[in-house]
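S.K.: Could you look at this predicted model? Sequence included:
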Amino acid sequence: MPASNERALEKAKTIPCDALILDLEDAVAPDAKPAAREAACAAAASGEYGRRTVTIRVNGIGTEWHDADLEAAAQAGPAAVVVPKVGSADEVRTLVAKLEAAGAPDHTVLWAMVETPRAILGALAIATASERLGAFVMGTNDLVKELYAEHVPGRAPILPSLHTALLAGRAAGIAVLDGVHNDVKDTDGFLAECRQGRELGFDGKTLIHPGQVEGANAAFAPSEQAVEDARGLIQAFEDGQGSGVVTHNGRMVEQLHVDSARRTLAIHEAIAALG
Ligand SMILES: CC(C)(COP(=O)(O)OP(=O)(O)OC[C@H]1O[C@@H](n2cnc3c(N)ncnc32)[C@H](O)[C@@H]1OP(=O)(O)O)[C@@H](O)C(=O)NCCC(=O)NCCSC(=O)C[C@H](O)C(=O)O
Ligand SMILES: [Mg+2]
């Protein structure tokens, strides 16, 4: 959400999302950037967003606003500073050094936007560059732009890039968030993209409008059926009393399936705990 939009900053206190990205980059006009920076930092430091993970997206490396954004954001102490168009492991290390020099508290990590061909080709090096890197955020608009591709249903032109970033993120053990769906009125297309993102393995989806939150929450939360299956599968394996392989509903179950089922239940329980 644009940090320059006062109504949106207020509304965000009531939106049932997991995280907020207060944007200083593309959603904010050049003249509005200094005021947006101040508003984002005040919001991040306010403690008024409850359980929501509050992050600030700064302007990109090399822009006239980047250094001041990074310093102010570090001092405001959000959960993460989101940096657009990160292109290399060296950039990650420099960003982390600058956050630390600016006095960022320990809980403030770096989220890197992966949205250029260079970032995709260097994804593993970027993902493993620093312990302080907590997540990749896919920038699908910039990716489409840089590839001279097109936004199409099913996202075939960018699937190899999405997969590559996911592989790197999983190898590094960080979260990977899917990109935004631009058409806020296209509910069917949006829900299909949420399902696709979930099936690919993303941890969540970045959104641009409050109307997209419910659909994303439903797509990324384990369904009742999935929770029931997970419980049944674990029970079947335990009933096997040490046998390495059993069946549940006709399907083979081994320890690795139990691990996945436990992950499903852990996500379900974490969501339930939010109340
Ligand atoms: C897309 C929008 C410009 C639409 O705005 P608008 O037509 O004003 O929306 P509504 O009138 O339907 O809004 C209804 C109420 O909801 C609030 N609102 C709207 N959007 C948000 C939001 N993102 N977060 C919080 N609250 C929001 C409005 O203020 C209204 O509130 P109220 O009046 O009190 O009822 C607009 O939604 C928007 O600006 N969206 C975010 C755009 C953005 O952040 N873009 C940058 C991130 S995406 C990106 O950069 C991707 C990446 O880098 C890439 O490369 O892909
Ligand atoms: Mg972008």
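M.R.: Right, received. Where do you want to start? Ligands and ions are numbered 1, 2, ... in the order given.
S.K.: which other helices and strands contact whichever strand or helix holds L191?
M.R.: Here L191, judged by DSSP states H and E, is contained in helix 187-200. For helix 187-200, the helices and strands in contact under the criterion 3 or more Cβ pairs under 8 Å, 6 or more residues apart in numbering; DSSP states H and E are helix 159-172, strand 175-178, strand 204-205, helix 213-220. In this view, the C-beta of every residue, glycine as well, is placed from N, C-alpha and C.
S.K.: Could you list the residues in contact with the first one?
M.R.: Contacts to helix 159-172, defined as Cβ atoms under 8 Å, 6 or more residues apart in numbering, come from residues 114, 119-121, 123-124, 126-128, 133, 135-136, 138, 140, 143, 147, 155, 175-176, 178, 200-202.
S.K.: how about it against ligand 1, any contact?
M.R.: No: applying Cβ under 6 Å from any ligand atom, one finds helix 159-172 out of contact with ligand 1, separated by at least 11.9 Å.
S.K.: what angle separates that helix from helix 187-200?
M.R.: Inter-element angle recorded for helix 159-172 and helix 187-200: 40 degrees (by axes from the mean of the first three to the mean of the last three Cα atoms, to 10 degrees).
S.K.: For the remainder of this discussion, apply numbering that starts at 29.
M.R.: Happy to do that; since the first residue is 29 now, the last one works out to helix 187-200.
S.K.: Kindly format the C-alpha coordinates of helix 187-200 as PDB.
M.R.: What follows is helix 187-200, C-alpha atoms only, in PDB (Å, rounded to 0.1, in the frame of the first residue of the first chain):
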ATOM      1  CA  LEU A 187       6.800 -19.600 -14.600                       C
ATOM      2  CA  PRO A 188      10.500 -20.500 -15.100                       C
ATOM      3  CA  SER A 189      11.400 -17.300 -13.100                       C
ATOM      4  CA  LEU A 190       8.900 -18.100 -10.400                       C
ATOM      5  CA  HIS A 191      10.200 -21.600 -10.100                       C
ATOM      6  CA  THR A 192      13.800 -20.500 -10.000                       C
ATOM      7  CA  ALA A 193      13.200 -18.000  -7.200                       C
ATOM      8  CA  LEU A 194      11.200 -20.600  -5.300                       C
ATOM      9  CA  LEU A 195      14.000 -23.200  -5.600                       C
ATOM     10  CA  ALA A 196      16.500 -20.700  -4.300                       C
ATOM     11  CA  GLY A 197      14.300 -19.600  -1.500                       C
ATOM     12  CA  ARG A 198      13.600 -23.100  -0.400                       C
ATOM     13  CA  ALA A 199      17.300 -24.100  -0.600                       C
ATOM     14  CA  ALA A 200      18.100 -21.100   1.700                       C
END
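S.K.: Now it: buried residues?
M.R.: By neighbour count, and taking 16 or more other Cβ atoms under 10 Å as the criterion, the buried residues in helix 187-200 are S189, L190, T192, A193, L194, A196, G197, A200.
S.K.: What of stretch 64-80?
M.R.: A64, R65, A67, A68, C69, A71, A72, Y77, R80.
S.K.: Equivalent analysis for stretch 171-189, please.
M.R.: Residues of stretch 171-189 classed as buried under the neighbour-count rule (16+ other Cβ under 10 Å) are L171, V172, E174, R183, I186, S189.
S.K.: For the helices and strands packed on helix 215-228, give me CSV that also has distance to ligand 2.
M.R.: Formatted as CSV, those follow (distance: least, Cβ to the ion, whole Å):
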stretch, distance to ligand 2
helix 187-200, 13
strand 203-206, 13
strand 232-233, 15
helix 241-248, 19
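S.K.: Rebuild the ones you listed as TSV, extending it with distance to G90 and mean pLDDT.
M.R.: Rendered in TSV, the data for those read as follows (distance: least, Cβ to Cβ, whole Å; pLDDT from 0 to 100):
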stretch	distance to G90	mean pLDDT
helix 187-200	22	98
strand 203-206	24	98
strand 232-233	28	98
helix 241-248	32	97
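S.K.: of these, which approaches D97 most closely?
M.R.: With distances scored as Cβ to Cβ, the stretch of those nearest to D97 is strand 203-206 (20.3 Å).
S.K.: Just checking: what are the partner strands of that closest one?
M.R.: Its sheet considered, strand 203-206 pairs with strand 161-166 (parallel), strand 232-233 (parallel) by DSSP bridges.
S.K.: Please consider this matter closed, and thank you.
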